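Enquirer: Structure for this input, please:
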Amino acid sequence: MIQDIYPSRLDNSYRKYTLTDSDCLIRFDSDGKLLIAVSDGVLSFTTGKGADASKAVYLFSVDDKRYFMTADTAVSGADGFAYRTLRELRDLCRGKELLAAFTAYHLWKWYSDNRFCGKCGGGLAFHETERAMKCPGCGNVIYPRINPAVIVGVIKGDSILITRYRKGYAHNALVAGFTEIGETLEQTVEREVMEETGVKVKNIRYYKSQPWGMAQDILVGFYCEADGDGEIHMDANELKYAEWVKREDVELQPSDLSLTNEMMSVFKNAKI
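Expert: Residues are numbered from 1 along each chain as shown. The predicted structure follows:
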């Protein structure tokens with residue numbers, strides 16, 4: 001999956017570093033596209049050389065490489081670089097640089113959505129000692145937002161419930177959805193499967209989790225069994241396909257980045 005970069009390691013600890021010429025500088029345009037170059041599936045960012053360090057904010061490190069972000073799009077000497085969406089990069093690249101891109105986007109989206117205080121309306125400033133924004137006027141502190149969501153592998157005998165979204169990602173997927181206020185993750189599993197497919201479930205058990213910066217998510221994977229005959233009543237507003245598919249007929253996604261694809265692969269290969 002996208003976070004599997006061992007032996008490399010992402011260090012998201014907050015540090016008050018200043019941008020240097022050798023640091024990676026991830027540039028975003030107003031739509032959240034990243035300025036990158038891709039060669040043979042390897043992604044490259046611009047560096048801090050010639051950049052205005054006062055407009056850069058430290059994000060994280062991967063091994064001994066430091067990553068900063070800026071929304072300043074004035075770039076010189078960026079031959080071979082172009083602005084691309086995360087969805088484009090997902091199909092073009094692999095490895096630790098792609099995880100860096102997804103994680104940087106998560107933070108960019110949070111920073112861009114939190115420029116003003118929700119209490120008093122004043123402009124926010126970077127917190128002095130932690131990853132947060134602080135209002136100089138009323139002291140309100142805002143931390144990065146992480147949206148919990150579930151991925152659900154619903155099993156009935158030797159089949160799994162495969163879906164395809166009405167909009168967006170075009171390949172096979174599993175039932176998925178965001179956790180609502182006041183419910184547990186297990187209750188989210190029950191509700192989302194029922195809402196999208198009309199199937200009741202039982203024996204819900206945790207599998208694995210995954211950060212997914214594209215939607216500022218933490219994805220939590222569960223397997224469960226259909227409770228009853230498993231008759232499908234698909235929500236056509238959310239899905240364009242929902243069917244029980246035999247192990248040997250499961251068609252995987254074209255990349256191995258997602259928790260969804262790993263869970264489908266685990267079932268397809270009879271590891272669950």
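Enquirer: Could you list the low-pLDDT ranges of the stretch 101-250 of the chain?
Expert: The stretch 101-250 of the chain contains no residues with pLDDT under 70.
Enquirer: those strands in it, which residues are they?
Expert: In the stretch 101-250 of the chain, the segments counted as strands under DSSP state E, counting those that start in this stretch are 125-126, 133-134, 141-142, 147-156, 159-165, 175-178, 201-212, 217-226, 239-246.
Enquirer: Make JSON lines from these and add distance to Pro7 and mean neighbour count to it.
Expert: C-beta here means a position set from N, CA and C on the backbone, and glycine is covered the same way. Below are those laid out as JSON lines (distance: least, CB to CB, whole Å; neighbours: other CB atoms under 10 Å):
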{"stretch": "strand 125-126", "distance to Pro7": "32", "mean neighbour count": "12"}
{"stretch": "strand 133-134", "distance to Pro7": "34", "mean neighbour count": "19"}
{"stretch": "strand 141-142", "distance to Pro7": "35", "mean neighbour count": "14"}
{"stretch": "strand 147-156", "distance to Pro7": "27", "mean neighbour count": "21"}
{"stretch": "strand 159-165", "distance to Pro7": "33", "mean neighbour count": "20"}
{"stretch": "strand 175-178", "distance to Pro7": "31", "mean neighbour count": "19"}
{"stretch": "strand 201-212", "distance to Pro7": "19", "mean neighbour count": "17"}
{"stretch": "strand 217-226", "distance to Pro7": "24", "mean neighbour count": "20"}
{"stretch": "strand 239-246", "distance to Pro7": "36", "mean neighbour count": "16"}
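Enquirer: residue contacts, the closest residue to His233 other than its chain neighbours?
Expert: Leaving aside its chain neighbours, His233 sits nearest to Gly198 (3.1 Å; criterion: CB to CB, 6 or more residues apart in numbering). With contacts defined as CB atoms under 8 Å, 6 or more residues apart in numbering, the neighbours of Gly198 are Glu231, Ile232, His233, Met234.
Enquirer: before we move on, what about Leu92?
Expert: Val38, Gly41, Leu43, Arg84.
Enquirer: same thing with Lys134?
Expert: Leu124, Ala125, Phe126, His127, Glu128, Asn140, Val141, Ile142.
Enquirer: With adjacent residues omitted, what lies nearest to it?
Expert: His127 (4.6 Å).
Enquirer: Give me the distance between that neighbour and Val189.
Expert: From His127 across to Val189, the span is 35 Å (CB to CB, to the nearest Å).
Enquirer: Compare neighbour counts for those two and give me the winner.
Expert: With neighbours defined as other CB atoms under 10 Å, His127 and Val189 compare such that Val189 has more, 27 against 15.
Enquirer: Test my guess that that one contacts Ala149.
Expert: No: contact criterion CB atoms under 8 Å: Val189 and Ala149 do not qualify, at 10.8 Å.
Enquirer: OK, contacts around Asp256?
Expert: Shown in contact with Asp256 (CB under 8 Å, 6+ apart): Met1, Glu262, Ser265.
Enquirer: switch to 6 Å and redo it
Expert: Contact criterion CB atoms under 6 Å, 6 or more residues apart in numbering gives no residues in contact with Asp256.
Enquirer: in the sheet, who's paired with the residue nearest to Pro136 when sequence neighbours are not counted?
Expert: Nearest in space to Pro136, with sequence neighbours left out and distances taken as CB to CB, 6+ apart, is Ala125 at 5.6 Å. With DSSP bridges as the criterion, Ala125 is bridged to Lys134.
Enquirer: sorry, back to before: reformat the contacts of Lys134 as a markdown table; add distance to Val220.
Expert: Output for these, formatted as a markdown table (distance: CB to CB, whole Å):
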| residue | distance to Val220 |
| --- | --- |
| Leu124 | 30 |
| Ala125 | 33 |
| Phe126 | 30 |
| His127 | 28 |
| Glu128 | 33 |
| Asn140 | 29 |
| Val141 | 26 |
| Ile142 | 24 |
